[in-house]
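1. sequence unknown, structure follows:
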């Protein structure tokens, strides 16, 4: 049987017991042009919270009664597809279920000899691509820049900071708790870290970056975005990647009241959606793969098990109780 | 004697009787390298409100006890300056006073046979330059773009809209009152106008631009900025030029709560300060002068008289009781 997590009701605030239900279906069968994927790992990302809201966004919302949308990776167990063969490991948006049926569109084959499956849905998947194009294309970093990143111990933030280090920037990360901050400095080579749960972020930032910041990569929104806006250098760039502090109360978004500093510092604030860069994913994956092989880029996954634990694992994104890329292992060994 | 308007006390909210005082001084005398300018016209601009606030901005605040800063134009009546001669008409930041003493730095000579003095501090001065570089460089308009501008009947907004029309864009202006809206459509050739004092801006914008906007040139901030953010097209640009709705209560700035649409629409929001483009002012003035000669660009000044009427005239910027560039004539005939 195929366990599937279905969107039952659009959440208000954090998802709870009424949001999803788990159902059992028959394992699907491939028709002409399709494959059946036995999923091994499911990617849990903050963006998934947005996908559950009604209304126009960069992607249509998950429909009530549909399988919850999620990135995933697994093994082809049946194929009537021209290129994907039984035994291939492929990655795509397989959703929160044990078996996915797909026509293969937007799925791609990976080589598990080069990297593990969780890495393919993390650093070499959507979060890594978001970090890569966000900091290089939208952030337009150059050597010597002072870069601030929030959600810095997360799947995107940790890669953003490491890429900025590779490019010769000074990097400060904001994360929750001393353990994460230590990790950023000791393991990932960040120049500084600010523990927003225990420090005055504004004061700490002033101390670490007395001259201000050239680039702020924002994963959190809210008050920390305002603090960043209060500490810009001339021609600074703010990359709007996410706003996890705001996702559960979209009716009362806290707008950045310091936005007029965009004028004072001739700065720009720009959003990105990773899908726009799809044609360059391969090039990015190759470059990041090389950095990983050279030990310059570290990938960290925080893996939990069992599709029945989907909701409580997902909520770790918002409580911050995880380090690196949050992944759910769904294949029973 | 030289009547001078001095900053007495930093205003909280709108300037009132306690903000400035008028004093009488001796008419100054030029030392080596200096000129004395008999001022004819003083430019009244929303930016002046910001210059009175303490704290770091793109320009140092006016000091308590100093002459109120303002752009101006007048005639050289005494010169010990190598290039400016008696009888030259020159423009610079002469302040709110009848006679200005200056070393000529950042002043430039104009030819009153080509345009009138009020035009030189309006369309061919700071407001015109702000419009020109704001819409062309930061807004990066191209033919066919749908452009929305707020404060559209003002010194900057009216030029922004006309330049966008010249460049082949569809232009919608937001202004207060039916008279201004009529002026935008009938006199300046805007494609549409929204009267924010009497219309539902969101609804009117949806009707005029059902597909959304490519560029929003913001002079007002507040709720109208949020409405613009809710109606973007892909890769839209928001030019942050000013926020007149917010200037009198900077402690409680209303941040744009729809800023996450920058992400949805891969849009950018960028500030400008006109001084950055100083090296290209001449080129811009020549191009705008040509457009004026060809009848494509209209310059409108709303001129009030008497330095004693400075405060009440200045307040028209905030009440909206003026049309086009607000100018104070200070030379007695």
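-> Arrived safely, thanks for sending. Note that the structure is predicted; figures quoted are calculated from it, not measured. Numbering: from 1, shown residues only, chains lettered A, B, ... in the order given.

2. Show me what counts as buried in stretch A:247-259.
-> Buried positions in stretch A:247-259, judged by neighbour count with 16 or more other C-beta atoms under 10 Å in any protein chain shown: A:247, A:250, A:253, A:254, A:255, A:256, A:257, A:258, A:259. Glycine gets a C-beta too; all of them are placed from N, C-alpha and C.

3. What mean pLDDT does it get?
-> Average pLDDT, stretch A:247-259: 89.

4. With stretch A:185-192 instead?
-> For stretch A:185-192, the mean confidence score works out to 98.

5. Just the endpoints, please. Distance across that stretch?
-> For stretch A:185-192, the first and last residues are 6 Å from each other (C-alpha to C-alpha, to the nearest Å).

6. so where do the strands sit in the stretch 201-333 of chain A?
-> Remark: strands assigned in the stretch 201-333 of chain A by DSSP state E, counting those that start in this stretch are A:213-218, A:232-240, A:268-271, A:301-305, A:325-329.

7. quick one: the third one near chain B?
-> I take that to be strand A:268-271. Yes - against chain B, strand A:268-271 shows contacts by C-beta under 8 Å from any C-beta of the partner chain at A:268, A:269, A:270, A:271.

8. Get me the contact residues on chain A for chain B.
-> A:56-58, A:221, A:226, A:240-243, A:246, A:252-273, A:276.

9. so what's the backbone phi/psi at residue A:20?
-> phi -120, psi 160 (degrees, to the nearest 10).

10. what's the residue closest to the geometric middle of chain A?
-> The centroid of chain A falls nearest to residue A:127 when counting by C-alpha atoms, centre = their mean (3.7 Å).

11. picking up where we left off before, now the strands of the stretch 201-333 of chain A as TSV including mean pLDDT and mean neighbour count?
-> Formatted as TSV, these follow (pLDDT from 0 to 100; neighbours: other C-beta atoms under 10 Å in any protein chain shown):
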stretch	mean pLDDT	mean neighbour count
strand A:213-218	98	27
strand A:232-240	98	22
strand A:268-271	98	25
strand A:301-305	97	17
strand A:325-329	97	24
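
12. out of those strands, nearest to residue B:201?
-> In terms of C-beta to C-beta, the element of the strands of the stretch 201-333 of chain A nearest to residue B:201 is strand A:268-271, at 22.6 Å.

13. now what about that closest one, what contacts it?
-> For strand A:268-271, contacts defined as C-beta atoms under 8 Å, 6 or more residues apart in numbering or on different chains pick out A:138, A:236-241, A:256, A:259, A:262, B:259-271.

14. List the strands paired with that strand, with their directions.
-> strand A:232-240 (parallel), strand B:268-271 (antiparallel) (DSSP bridges).

15. Could you export the ones you listed to a markdown table, including columns for distance to residue A:75?
-> Compiled in a markdown table, those are given as follows (distance: least, C-beta to C-beta, whole Å):
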| stretch | distance to residue A:75 |
| --- | --- |
| strand A:232-240 | 35 |
| strand B:268-271 | 41 |
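
16. Residue A:187: which of the ones you listed is closest?
-> strand A:232-240 (23.2 Å).

17. my guess is residue A:42 meets residue A:326, correct?
-> No - look at residue A:42 against residue A:326 with C-beta atoms under 8 Å: they stay out of range, at 9.8 Å.

18. follow-up on the earlier one: looking at the strands paired with strand A:268-271, which is nearest to residue B:112?
-> Per C-beta to C-beta, nearest to residue B:112 of these: strand B:268-271, 33.6 Å.

19. so how far is the closest one from its chain's centroid?
-> From the chain centre to the centre of strand B:268-271 is a distance of 18 Å (C-alpha atoms, centre = their mean, to the nearest Å).

20. wait, doesn't residue A:249 sit right on residue A:13?
-> Yes - Residue A:249 lies in contact with residue A:13 (C-beta under 8 Å); the separation is 6.5 Å.

21. any idea how far residue B:213 is from the residue of the stretch 51-200 of chain A found nearest chain B?
-> Residue of the stretch 51-200 of chain A nearest chain B, by C-beta to the nearest C-beta: residue A:58 (5.0 Å). Separation of residue A:58 from residue B:213 (C-beta to C-beta, to the nearest Å) stands at 18 Å.

22. cool, and residue A:318?
-> Taking C-beta to C-beta, one finds residue A:318 at 34 Å from residue B:213.

23. ok, now residue A:294?
-> 46 Å.

24. now do residue A:64
-> Counting by C-beta to C-beta - residue A:64 and residue B:213 are separated by 32 Å.

25. next one: residue A:39
-> Counting by C-beta to C-beta, the gap from residue A:39 to residue B:213 is 42 Å.

26. Could you do residue A:244 as well?
-> 28 Å.

27. Helices of the stretch 51-200 of chain A, start to end?
-> A:117-120, A:126-133, A:155-166, A:178-186 (DSSP state H, counting those that start in this stretch).

28. The last one: how far from the chain's middle?
-> Average the C-alpha atoms of helix A:178-186, do the same for its chain, and the two points are 19 Å apart (C-alpha atoms, centre = their mean).

29. Would you mark the buried spots in that helix?
-> So helix A:178-186, judged by 16+ other C-beta under 10 Å, has buried residues A:180, A:181, A:183, A:184.

30. Who are the packing partners of it?
-> strand A:170-175, strand A:192-195 (3 or more C-beta pairs under 8 Å, 6 or more residues apart in numbering or on different chains; DSSP states H and E).

31. Need the winner for burial among the ones you listed.
-> strand A:170-175 (a mean of 27; mean count of other C-beta atoms under 10 Å in any protein chain shown).

32. I would like the residues contacting that one, please.
-> A:144-154, A:157-158, A:161, A:164-165, A:181, A:184, A:188, A:190-196, A:201, A:205, A:208-209, A:213, A:220, A:224.

33. Buried ones from these, can you make that a ChimeraX selection?
-> In ChimeraX, a selection of the buried entries from those looks like this (16+ other C-beta under 10 Å):
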select /A:145,146,147,148,149,150,151,152,153,154,157,158,161,164,165,181,184,188,190,191,192,193,194,195,196,201,205,208,209,213,220,224
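
34. I figured the residue of the stretch 51-200 of chain A closest to chain B hits residue A:273, correct?
-> Yes - using C-beta under 8 Å, residue A:58 is in contact with residue A:273, at 4.7 Å.

35. what's the nearest residue to the residue nearest to the centre of chain A if we skip its chain neighbours?
-> Counting by C-beta to C-beta, 6 or more residues apart in numbering or on different chains, residue A:155 is the residue found nearest to residue A:127 once chain neighbours are left out, at 3.6 Å.

36. Count the neighbours of that neighbour for me.
-> Neighbour count for residue A:155, taken as other C-beta atoms under 10 Å in any protein chain shown: 31.

37. Over to the one 5 residues further on?
-> The local packing of residue A:160 (other C-beta under 10 Å) involves 33 other residues.

38. which ones are touching it?
-> A:131, A:134, A:135, A:147, A:149, A:152, A:217.

39. can you name the two of the residues you listed that are farthest apart?
-> So, the contacts of residue A:160 by C-beta to C-beta: farthest apart are A:134 and A:152, at 13.4 Å.

40. Looking at the stretch 101-250 of chain A, which residue is nearest chain B?
-> For the stretch 101-250 of chain A, C-beta to the nearest C-beta, closest residue to chain B: residue A:240, 4.9 Å.

41. Hmm, residue A:256 is touching residue A:224, no?
-> No - contact criterion C-beta under 8 Å: residue A:256 and residue A:224 do not qualify, at 10.1 Å.

42. Could you list the domains of chain A?
-> For chain A, the structural domains run A:2-122+A:299-329, A:126-275, going by automatic domain parsing.
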